[in-house]
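*Asks:* compute the structure for the input listed below.
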Amino acid sequence: MAARLVLEFRAMKIVEKAQLMSAAEIDRTLQRLAHEIVEKSGGTKNLALIGIRRRGVPLAQRIAERQARFDAADDHVDRVGKPVEQFHAFRDRNDHQRG
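*Replies:* Okay, the predicted model is just below:
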């Protein structure tokens, strides 16, 4: 007799434990982070951002958007968007067994 696998899905109840930052606080933090990256890099001319997939890519894109605003405010800078590259770390993970 073959074994049967029965899966049961129930609606997941999401409970918010605590809100660490508001949307406005996150926006200000990203703005400060973008400024600091530009300052420590000596500008945006030779700057590229690399986001680690999954969550790092949207974060890098949001920072790049803010940095593009700095360039738009500077009349001497070419208004081309900064590159955002993706890094897929799955193959480099040491906590995942390979077959």
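
*Asks:* would you state the strands of this protein in chain order?
*Replies:* Secondary structure of the chain, counting by DSSP state E: strands at 49-52, 84-87.

*Asks:* winner for burial among these?
*Replies:* A comparison of the strands of the chain by mean neighbour count, using mean count of other Cβ atoms under 10 Å, puts strand 49-52 on top with a mean of 16. The way it works is simple: take the backbone N, C-alpha and C, and place the C-beta from them, glycine included.

*Asks:* strands paired with it, and their directions?
*Replies:* Using DSSP bridges, the strands paired with strand 49-52 in its sheet are strand 84-87 (parallel).

*Asks:* residues in contact with the partner strand?
*Replies:* 48-53, 56-57, 60-61, 64 (Cβ atoms under 8 Å, 6 or more residues apart in numbering).

*Asks:* which of these sits closest to residue 29?
*Replies:* Residue 29 has its nearest neighbour among these in residue 60, at 14.6 Å by Cβ to Cβ.

*Asks:* which residues touch the closest one?
*Replies:* Contacts of residue 60 (Cβ under 8 Å, 6+ apart): 49-51, 84.

*Asks:* those into CSV, with extra columns for pLDDT and distance to residue 29?
*Replies:* Below are these laid out as CSV (pLDDT from 0 to 100; distance: Cβ to Cβ, whole Å):
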residue, pLDDT, distance to residue 29
49, 89, 16
50, 87, 20
51, 89, 17
84, 85, 18
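
*Asks:* so which of the contacts of strand 84-87 is the closest to residue 89?
*Replies:* Compare each of those with residue 89 using Cβ to Cβ and the shortest gap goes to residue 52, at 5.4 Å.

*Asks:* surely the closest one meets residue 89?
*Replies:* Yes: counting by Cβ atoms under 8 Å, residue 89 is a contact partner of residue 52 at 5.4 Å.

*Asks:* can you give me the helices for this structure?
*Replies:* 23-41, 56-73 (DSSP state H).

*Asks:* fine by me, thanks again.
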